[in-house]
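Chemist: I'd like to go over a predicted model; first the sequence, then the structure.
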Amino acid sequence: MSWFAPPEPIATRVLFRLPPAFQHPVRSDWADANRAGVAIGSFLEGPTFGPDGTLFVVDIPHGRVFAITPSGDWRLVAAWDGWPNGLARLPNGHLLVADYRRGLLRLDPSDGSLTPVLTHVRSESFKGLNDLVLARDGTVYITDQGQTGLQDPTGRVYRLCPDGRVERLLDTGPSPNGIALDPAERHLFVAMTRACQVWRTAVTADAVLAKVNCFAHTPGGTSGPDGLAMLADGGLAIANPGHGCVWVVSPTGVPRWVLPSCAGSAVTNLAFDPADPHRLVITESETGTILEARLPVPGHPCGVAG
């Protein structure tokens, strides 16, 4: 970011907080591996809007999905022995879930039932799925992050095609995390958390990628880019828990705005409201808080097929 003028700040505000009744501060295998063994009550991620304005979020360490009404009422949709992370909405209202433990699942929010969609590839287990995005034709792009990083740059990006074909697009990622498609669906963006980068590559008819490049490079810190959200003009909003903010860059990767968190620093994921595309909602996982901000440029409704 030091090559460019400082981005203009945009304020955030608290929209919702996880009710105390849903906070369960206990140690877990997930917390031991990812939060230095701290007993945490929740870790919210994966914000996704339903067709009626309901906001869905996951709680990773406790294997939960919540629905939040526009008025702020929270409902437990489902709980299971998994670590759900990314969400995307299907045309029928069901949710696709990228679960670190269980693979790709389909969740029916009306009754909380789960159906496995993709639990392995040619009998090989995933490293640990993280996030996903849907193309208009129903293709699903998925990041398989696991514990990869600069010490082990073998994170993967998969593509699940509508005909059931599974294609491995990338297997050299230092912690592939958030993922997004540009409005024309010609380019794919992947947050490489431990490299403090967002990679960009052309979407091809086959699974052979070429000339993958660094689209944006955030300053170093304790953590790099996490969730991504696409703007209608091709710009990109980048959640960055290492700096406690959202960076917003132009279609050419030039910094535009910075959205500092008004709560904790674990700014992990984000989504634009389809009913109000200038409204961006953000998960702040440290405090179990949902933030919101308004951007001058509207968001693009990627992540909903059909």
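Modeler: Good, I have the coordinates.

Chemist: burial count for residue 120?
Modeler: When neighbours are counted by other CB atoms under 10 Å, residue 120 registers 11. Yep, even glycine has a C-beta here, placed from its N, CA and C like the rest.

Chemist: let me fix that: residue 36
Modeler: 7.

Chemist: Now do the host helix or strand of residue 270, average pLDDT.
Modeler: Residue 270 belongs to strand 267-273 when assigned by DSSP states H and E. The pLDDT scores in strand 267-273 average 98.

Chemist: Adjacent strands (with direction) for that strand?
Modeler: strand 276-284 (antiparallel) (DSSP bridges).

Chemist: Beyond the partner strand, next helix or strand please.
Modeler: strand 289-294.

Chemist: circling back: list the buried residues for the strand holding residue 270?
Modeler: 267-273 (16 or more other CB atoms under 10 Å).

Chemist: export it as CSV, just CAs?
Modeler: Taking C-alpha atoms only, strand 267-273 is exported to CSV below (Å, rounded to 0.1, in the frame of the first residue of the first chain):
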residue,chain,number,x,y,z
VAL,A,267,-12.4,-8.4,10.7
THR,A,268,-12.8,-11.7,9.0
ASN,A,269,-15.4,-11.6,6.3
LEU,A,270,-17.9,-9.4,4.6
ALA,A,271,-20.9,-9.2,2.2
PHE,A,272,-22.9,-6.6,0.3
ASP,A,273,-26.7,-6.4,0.9
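
Chemist: next one: it to chain centre, how far?
Modeler: Centroid separation for strand 267-273 versus its chain: 7 Å, with CA atoms, centre = their mean, to the nearest Å.

Chemist: same thing with stretch 31-40?
Modeler: On CA atoms, centre = their mean, the centre of stretch 31-40 falls 20 Å from the chain's centre.

Chemist: I'd like the numbering to begin with 37 instead of 1 from here.
Modeler: OK, 37 is where the count begins now, so the last one is stretch 67-76.
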